[in-house]
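>>> quick check, what structure comes out for this input:
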Amino acid sequence: MLNDESKISPNYVPPMPVNLGGLTLIRANLVSLWVETVLFGVFLVLFAAALYVLLYVKNRKVCMTRVLAAASVPMLLLITGVSRTLAP
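Numbers count the residues shown, from 1 in each chain. Take a look at the predicted model:
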């Protein structure tokens, strides 16, 4: 038996399903996984290029190069750790 507190309001409208234009949940997950993989690959290529420039191009200040290289490696590790944690 329902008490007064658990009665449904007369203005209650149940949530409508979201129309994704025929996109199923499985397909949406696969698309998001593919996009994430491509963007992570782009990041890895850019990271490798930036690290190469920081470490092997000699027209830079040594102190600033070390700071930027030291900051970019933990950034890569954090991004890799977060992406593995959030994956299903």
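>>> buried ones in the one helix or strand residue 42 maps to?
Following DSSP states H and E, one finds residue 42 within helix 25-56. Neighbour-count burial for helix 25-56, counted by 16 or more other Cβ atoms under 10 Å, picks out residue 54. In this view, the C-beta of every residue, glycine as well, is placed from N, C-alpha and C.
>>> what's the pLDDT at residue 71?
Reading off the confidence values, residue 71 has pLDDT 89.
>>> what separates it from residue 24, distance-wise?
41 Å (Cβ to Cβ, to the nearest Å).
>>> got it, and residue 48?
36 Å.
>>> what's the answer for residue 70, then?
Relative to residue 24, residue 70 is positioned 45 Å away (Cβ to Cβ).
>>> for residue 67, same thing?
Between residue 67 and residue 24 the computed distance is 47 Å (Cβ to Cβ).
>>> between the two, which is the more surrounded one?
residue 67 (12 against 9; other Cβ atoms under 10 Å).
>>> please, which helix or strand holds the more buried one?
Here residue 67 is assigned to helix 62-86, by DSSP H and E.
>>> just give the number of residues close to residue 68.
Look at residue 68: counted by other Cβ under 10 Å, it has 15 neighbours.
>>> give me the mean pLDDT for stretch 39-46.
Stretch 39-46 comes out at a mean pLDDT of 92.
>>> return the distance of it from the chain's centre.
12 Å (Cα atoms, centre = their mean, to the nearest Å).
>>> residue 56 and residue 47: what is the separation?
From residue 56 to residue 47 the distance is 14 Å (Cβ to Cβ).
>>> for residue 63, same thing?
On the measure of Cβ to Cβ, residue 63 and residue 47 end up 21 Å apart.
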